[in-house]
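Q: The sequence isn't on hand, but the structure is:
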């Protein structure tokens, strides 16, 4: 009888230990370990409007076709990360980046993108944020008429091959409806799709 109680207690102890180790491993993978493809995420601090030193963080589902880093044949880099749930249509927060190069390095917002052979709106480097403020949808972008009023930088710190990671930082001033928002400590991780 004592042997049975001992074996049951020992089995429970091992089960609790294994569950604890498994949870620690999962927590590590779901935390700030953003160096793995599929852990697409964005974080930044925003000031302006009703935001006062607000930290915003969101994760993007890398399995959704629109999420990730995309390189065209000409070396033009486009990054899109959104927190739209799978099968959902509503978007709460989005980061959209366009860069003239597909490599590590620093780019100023409004630098020309001359190698975008598709044309369209991406003729200048930028980062754009879509988010909710007091129930209103905000599209925070650089000022196209007076770009000196909305300076900013985007720095790619890691650029891996397809299925790897594109990672970097962004900061600057963006505007919506004549209200300036200052973005600091911006950081993104995106799975490279092409």
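A: Great, that's in hand. What you are looking at is a predicted structure, and each value in this text was computed from that prediction instead of being measured. Numbering: from 1, shown residues only.
Q: Would you mind splitting this protein into its domains for me?
A: 1-30, 39-191 (automatic domain parsing).
Q: quick one: what helix or strand has the residue nearest the centre of the chain in it?
A: The centre of the chain sits closest to residue 42, judged by Cα atoms, centre = their mean, with a distance of 2.9 Å. Here residue 42 sits within strand 41-48, counting by DSSP states H and E.
Q: pLDDT of that strand, averaged?
A: Computed over strand 41-48, the mean pLDDT rounds to 97.
Q: Stretch 101-111 now?
A: 96.
Q: Outside of that stretch itself, which residues are in contact with it?
A: 71, 75-77, 99-100, 124-127, 142, 147, 150-159, 172 (Cβ atoms under 8 Å, 6 or more residues apart in numbering). No exception for glycine: its C-beta is placed from N, CA and C like everyone else's.
Q: ok, back up a step: follow the chain on from the strand holding residue 42 and name the next helix or strand.
A: Taking DSSP H and E, what comes next after strand 41-48 is strand 51-59.
Q: neighbouring contacts of the following helix or strand past that next one?
A: Sequence-wise, the next helix or strand downstream of strand 51-59 (DSSP H and E) is strand 68-71. In this structure, residues lying in contact with strand 68-71 by Cβ under 8 Å, 6+ apart are 40, 62, 77-81, 102, 166, 190-194.
Q: Out of those residues, which is nearest to residue 131?
A: Sorting the contacts of strand 68-71 by how near they are to residue 131, with Cβ to Cβ, puts residue 81 at the top with 12.4 Å.
Q: got the contact list for residue 136?
A: Residue 136 neighbours (Cβ under 8 Å, 6+ apart): none.
Q: List the buried residues of stretch 65-76.
A: By 16 or more other Cβ atoms under 10 Å, the buried positions in stretch 65-76 come out as 67-71, 76.
Q: Now render these as a markdown table, adding pLDDT and distance to residue 54.
A: Listed next are these as a markdown table, based on pLDDT from 0 to 100; distance: Cβ to Cβ, whole Å:
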| residue | pLDDT | distance to residue 54 |
| --- | --- | --- |
| 67 | 94 | 23 |
| 68 | 96 | 26 |
| 69 | 97 | 26 |
| 70 | 96 | 29 |
| 71 | 94 | 32 |
| 76 | 88 | 32 |
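Q: List only buried entries from the contacts of strand 68-71.
A: The buried subset of those - by 16+ other Cβ under 10 Å - is 40, 62, 77-81, 102, 166, 190-193.
Q: Now for these: which two are most distant?
A: Most distant of the buried ones among the contacts of strand 68-71, by Cβ to Cβ, are 62 and 102, 18.2 Å apart.
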